[in-house]
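*Asks:* Mind folding the following:
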Amino acid sequence: MDGRPWLDVFSYALGYGAALISLLLLWKFLNKKKIQDLGFGLFLINIIFGLLLGAISIAIIFFILLFTDNIELINTLSNPNFSTYSITYLIFFILVGLFEELVFRGYIMSTLADRGRRKVTIYMVSALIFGIAHLANQNVTLLGIFNIFLVGILFAYMYDKTQSLWTPIGYHITWNYFQGNVFGFPVSGTTPYGVYTIDVSSGNDLLTGGSFG
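*Replies:* Here you go, the predicted model:
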């Protein structure tokens, strides 16, 4: 999104929109199930819970890394730097959270469950495919992919326990957005445009994620 964030968001929206329509058609005509069966119940309480939990989780990590000198804050907490990217990336990460949770939790987990797979298999397969899907990202590392696998397990647990996609969707959105566009960490290898600028070079990559995030 360097230099043309609105155009890039529009192109991403078209791509995600086409993929989303294809997924829903596949679910309806191949799986022969209703759209509601993907897990769209209990919207308000679950989306709010997911959004708050994602934001709080990454905020805690940010302050732990800051106070242990694993990251250096370039601008002060009282001097955030808002930009066009603050809005465009919010739209982008809403699209990412919605689409990826529909695919990796809603479609994959529901399809495996319908085929009688054990719960541990459902969790592992959905998280493994989630991790593999990020292998082509920039600055990818084995640690980064393993962390994505672990968060895939967490999202699977959220979906399973709440029986609603809105919880992992909300968490996914604010985790990505606050990570990259508030606190300035890379998000799965993408360039961050945070309202805060940080330097992770002096920290431990095992804790900060390095250039992958």
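
*Asks:* per-residue pLDDT, the most centrally placed residue in the chain?
*Replies:* The centre of the chain sits closest to His172, judged by C-alpha atoms, centre = their mean, with a distance of 3.6 Å. At His172, the pLDDT value in this model is 97.

*Asks:* was I right about it contacting Gly54?
*Replies:* Yes: with contact defined as C-beta atoms under 8 Å, His172 and Gly54 form a contacting pair (6.9 Å). For the C-beta atoms, the positions are set from N, CA and C on the backbone; glycine is no exception.

*Asks:* helices or strands next to the one helix or strand the residue nearest to the centre of the chain maps to in the packing?
*Replies:* Using DSSP states H and E, His172 sits in helix 166-177. With contacts taken as 3 or more C-beta pairs under 8 Å, 6 or more residues apart in numbering; DSSP states H and E, helix 166-177 sits against helix 43-67, helix 84-101, helix 142-162.

*Asks:* For the closest residue to Thr162 other than its chain neighbours, give me its contacts.
*Replies:* Nearest non-adjacent residue to Thr162, counting by C-beta to C-beta, 6 or more residues apart in numbering: Asn46, 5.5 Å away. Applying C-beta atoms under 8 Å, 6 or more residues apart in numbering to Asn46 gives the contacts 162, 164, 166-167, 170.

*Asks:* same question, Phe155
*Replies:* The neighbourhood of Phe155, defined by C-beta under 8 Å, 6+ apart, consists of 101, 104-105, 127, 130, 168, 171-172.

*Asks:* redo that, cut-off 7 Å
*Replies:* With contact set as C-beta atoms under 7 Å, 6 or more residues apart in numbering, Phe155 has these partners: 101, 105, 168, 172.

*Asks:* now the third one: how far from Tyr159?
*Replies:* As defined by C-beta to C-beta, to the nearest Å, Pro168 lies at a distance of 5 Å from Tyr159.

*Asks:* which residues do these two both contact?
*Replies:* Joint contacts of Pro168 and Tyr159 (C-beta under 7 Å, 6+ apart) are Arg105.

*Asks:* So for these two, which sits in the more crowded spot?
*Replies:* Pro168 (31 against 27; other C-beta atoms under 10 Å).

*Asks:* which non-adjacent residue is nearest the more buried one?
*Replies:* Once flanking residues are discounted, Pro168 sits nearest to Phe155: 4.0 Å by C-beta to C-beta, 6+ apart.

*Asks:* now swap in Ile74 and tell me
*Replies:* The shortest distance from Ile74 to any non-neighbouring residue, by C-beta to C-beta, 6+ apart, is to Thr197 (4.1 Å).

*Asks:* For that neighbour, which residues are in contact?
*Replies:* 74-75, 184.

*Asks:* Please apply the same query to Tyr107.
*Replies:* Per C-beta under 7 Å, 6+ apart, neighbours of Tyr107: 23, 27, 38.

*Asks:* So which of the residues you listed belong to strands?
*Replies:* Among the contacts of Tyr107, DSSP state E puts none in strands.

*Asks:* Done for today, thanks.
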